[in-house]
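1. The following block contains a protein sequence and its predicted model.
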Amino acid sequence: MFGESVVQTPEIHVEELKKDEEFLANIKRLEEECKKEQSISKGYQLLDAQLIIEAPEEEINEIFTFIVNNAFDRLAEKLTNRQTFKMEEEEDKAAARAIYEHGMQRYSENDQKGAKEIFLILSHSMDKHALKDAMLLHAAVVIAGKSFDEFIDTIVDVSKVDENDPLAFFVQTFTYSVTEMFDIFAKEVEEAREEIRVFAQSQESS
């Protein structure tokens, strides 16, 4: 996979890569495939490659916009068809990642309402139980009024992250187990669950 080949060549100098015809041709091909297939996972590969060669900011932003817009389109399609994100499938995983990263950005910008809604919809839409719980906890922490910095500094435990986990870009490791964290934020977890229940019922009746 193109994205993997980029990761395997950290010793290549950026300036050399910028002149590497094969590398640049791969980027061009990836860009064309990405748009033709509306592929979010290839969008991430393209983003990684453009970041490595330090592409202009407007090009980076254009890829970000492509990824996020397509991810929310995919989410809308899933919700309409009452389907979940299957985290074993590359496109679903990439779409969920983009929505999650957008939620974390909202959180970091103090848009607590927007962040909470994104975490709740992810908890509702993912097919892996551990991820559903992690997203529910994210929402509960936001409901509790914790700032993004508090979340990162006092609730997340990065030392427990398994870098080989293909889902490592979703925060799933905390200072205590998820069950213990649910106990700590019991009131907020129940409020988050109730919001998901209400949303699920509205889906069923629509």
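-> That came in fine, so what should we check first?
2. who's in contact with the residue sitting nearest the centre point of the chain?
-> Centroid-nearest residue in the chain: residue 97, 2.1 Å away (criterion: C-alpha atoms, centre = their mean). Shown in contact with residue 97 (C-beta atoms under 8 Å, 6 or more residues apart in numbering): 44, 71, 169, 170. To be clear about C-beta, it is placed using only N, CA and C from the backbone, and glycine gets the same treatment.
3. where exactly do the helices run in this protein?
-> 2-7, 14-19, 21-37, 40-52, 57-80, 90-108, 112-125, 129-143, 148-150, 178-184, 186-205 (DSSP state H).
4. Of all those, which one is nearest residue 165?
-> With respect to residue 165, and counting by C-beta to C-beta, the nearest of the helices of the chain is helix 129-143 at 10.5 Å.
5. can you redo the helices of the chain as TSV with distance to residue 158 and mean pLDDT?
-> What follows is the helices of the chain, written out as TSV (distance: least, C-beta to C-beta, whole Å; pLDDT from 0 to 100):
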stretch	distance to residue 158	mean pLDDT
helix 2-7	20	41
helix 14-19	27	71
helix 21-37	30	87
helix 40-52	21	92
helix 57-80	24	95
helix 90-108	14	97
helix 112-125	19	97
helix 129-143	14	98
helix 148-150	14	97
helix 178-184	15	97
helix 186-205	22	92
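6. Next, format those helices as TSV and append distance to residue 163.
-> Output for the helices of the chain, formatted as TSV (distance: least, C-beta to C-beta, whole Å):
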stretch	distance to residue 163
helix 2-7	12
helix 14-19	23
helix 21-37	24
helix 40-52	16
helix 57-80	22
helix 90-108	16
helix 112-125	22
helix 129-143	17
helix 148-150	23
helix 178-184	20
helix 186-205	28
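7. buried residues in stretch 83-97?
-> The neighbour-count check on stretch 83-97 (16 or more other C-beta atoms under 10 Å) flags 84, 85, 87, 90, 91, 92, 93, 94, 95, 96, 97 as buried.
8. I should have written stretch 92-111 there, sorry.
-> Going by 16+ other C-beta under 10 Å, stretch 92-111 has these buried residues: 92-107, 111.
9. what about it, distance to the chain center?
-> Computed by C-alpha atoms, centre = their mean, to the nearest Å, the chain-centroid distance of stretch 92-111 equals 5 Å.
10. Adjust the sequence numbering to begin at 54 for everything that follows.
-> OK, 54 is where the count begins now, so the last one is stretch 145-164.
11. Just the CA trace of it, in CSV.
-> Provided in CSV are the C-alpha atoms of stretch 145-164 (Å, rounded to 0.1, in the frame of the first residue of the first chain):
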residue,chain,number,x,y,z
ASP,A,145,-15.5,2.8,7.5
LYS,A,146,-12.5,3.0,9.8
ALA,A,147,-11.1,6.1,7.9
ALA,A,148,-14.6,7.8,8.0
ALA,A,149,-15.0,7.2,11.7
ARG,A,150,-11.4,8.4,12.3
ALA,A,151,-12.1,11.7,10.4
ILE,A,152,-15.3,12.3,12.3
TYR,A,153,-13.5,11.6,15.6
GLU,A,154,-10.6,13.9,14.8
HIS,A,155,-13.2,16.6,13.8
GLY,A,156,-14.9,16.0,17.2
MET,A,157,-11.6,16.3,19.1
GLN,A,158,-10.8,19.5,17.2
ARG,A,159,-14.2,20.9,18.2
TYR,A,160,-13.4,19.9,21.8
SER,A,161,-10.0,21.6,21.7
GLU,A,162,-11.8,24.8,20.4
ASN,A,163,-14.2,24.7,23.4
ASP,A,164,-17.2,23.8,21.2
